[in-house]
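J.: Got a predicted model here, sequence first, then my questions.
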Amino acid sequence: MKKKLSKEFLVSLNCGDIFEYAYDYIVDGKEVTEKIIAEIKPDDVDSINVLKEVSATEKYGKKGKNGVIEIFLKKK
C-alpha cells in the first residue's frame with residue numbers, strides 16, 4: 001500500500017532538501033531535471049519512492065548507482 005505524503009514533505013522536496021543526494025529523478029517513468037521537479041505541485045503527486053543501492057541499480061542500471069527518486073503523479 002502506498003502512503004499518502006504530507007504537503008510539508010512535498011514542500012521540502014521542492015526546496016531541494018532530499019534531491020541533492022539523488023542521481024536520477026523519474027516522474028511517471030521518465031527521467032527529468034530538478035527544474036521539472038520544482039514545478040510539480042504537491043497536490044498533483046500520488047506517491048514518491050526512494051530507491052537506494054541495490055534496488056536502484058537493479059531497476060535503473062548504472063544510472064541508479066547513487067540512488068533514484070521516483071515520483072508518480074495522480075491520473076487526471
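T.: Cool, the structure landed. Numbers count the residues shown, from 1 in each chain.
J.: Please tell me how far K41 sits from I71.
T.: 12 Å (CB to CB, to the nearest Å). Bear in mind the C-beta positions are built from the backbone N, C-alpha and C, glycine included.
J.: same question, K35
T.: K35 is 14 Å from I71, by CB to CB.
J.: quick one: which of the two has more around it?
T.: I71 (21 against 7; other CB atoms under 10 Å).
J.: The more buried one should be in a helix, yeah?
T.: No. Counting by DSSP: H, G, I helix; E, B strand; the rest coil, one finds I71 to be strand, located in no helix.
J.: Test my guess that it contacts G29.
T.: No. Checked against CB atoms under 8 Å, the pair I71 and G29 is beyond contact range at 10.2 Å.
J.: Can you list the low-confidence ranges for the chain?
T.: For the chain, applying pLDDT under 70 flags the ranges 1-23.
J.: For E31, which residues are in contact?
T.: Taking CB atoms under 8 Å, 6 or more residues apart in numbering, we find E31 in contact with 24-25, 63.
J.: got it, and K59?
T.: Neighbour list for K59: 51, 68 [criterion: CB under 8 Å, 6+ apart].
J.: in the helix or strand containing it, what's buried?
T.: Using DSSP states H and E, K59 maps to helix 53-60. By 16 or more other CB atoms under 10 Å, the buried positions in helix 53-60 come out as 56-57, 60.
J.: Kindly format the C-alpha coordinates of it as PDB.
T.: Extracted in PDB, the C-alpha atoms of helix 53-60 (Å, rounded to 0.1, in the frame of the first residue of the first chain):
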ATOM      1  CA  GLU A  53      21.800   0.900  -3.500                       C
ATOM      2  CA  VAL A  54      20.800  -2.500  -5.000                       C
ATOM      3  CA  SER A  55      17.200  -1.600  -5.600                       C
ATOM      4  CA  ALA A  56      18.100   1.400  -7.600                       C
ATOM      5  CA  THR A  57      20.800  -0.400  -9.700                       C
ATOM      6  CA  GLU A  58      18.500  -3.400 -10.300                       C
ATOM      7  CA  LYS A  59      15.800  -1.200 -11.700                       C
ATOM      8  CA  TYR A  60      17.900   1.500 -13.500                       C
END
